[in-house]
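In: Okay, here's the prediction I keep looking at, along with the sequence it came from:
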Amino acid sequence: MAENLCRECGKPLTGDEIAIYKRMVNRGADSFLCIPCLSRFFKVDEARVREKVEHFRRQGCTLFSQTAPPR
């Protein structure tokens with residue numbers, strides 16, 4: 001399987017970065033933005049996007065792994 005890269009900066013993406021893009025932008029997407037680029041797209045702090053990742057994870061959204069990855 002090909003590695004998913006941020007379509008803006010080319011950084012390798014984590015599962016959570018793909019999941020938050022799908023949850024907030026388009027579930028059917030096949031290209032994605034990393035959290036820093038997604039936060040610029042929405043004009044919010046990166047911390048706000050990370051808060052949403054945790055929020056959706058706590059809600060049980062199946063797009064997100066149920067254990068947080070190490071930072």
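Out: Arrived safely, thanks for sending.

In: alpha carbons only for contacts and neighbour counts from here, please
Out: OK.

In: residue boundaries of the helices in the protein?
Out: 15-24, 35-42, 46-59 (DSSP state H).

In: What residues of the shortest one count as buried?
Out: So that's helix 35-42. When neighbours are counted by 16 or more other CA atoms under 10 Å, the buried residues of helix 35-42 are found to be 35, 36, 37, 38, 39.

In: Okay, now the unreliable bits of the chain?
Out: In the predicted model, the chain carries pLDDT under 70 at residues 1-2, 67-71.

In: And the residue nearest the centre of this protein?
Out: Nearest residue to the geometric centre of the chain (CA atoms, centre = their mean): residue 17, 2.2 Å.

In: what about that one, distance to residue 40?
Out: From residue 17 across to residue 40, the span is 14 Å (CA to CA, to the nearest Å).

In: residues touching the closest residue to residue 45 other than its chain neighbours, list them.
Out: Distances taken as CA to CA, 6 or more residues apart in numbering place residue 39 nearest to residue 45, at 5.9 Å, with adjacent residues excluded. If you count contacts by CA atoms under 8 Å, 6 or more residues apart in numbering, residue 39 has them with 45, 46, 48, 49.
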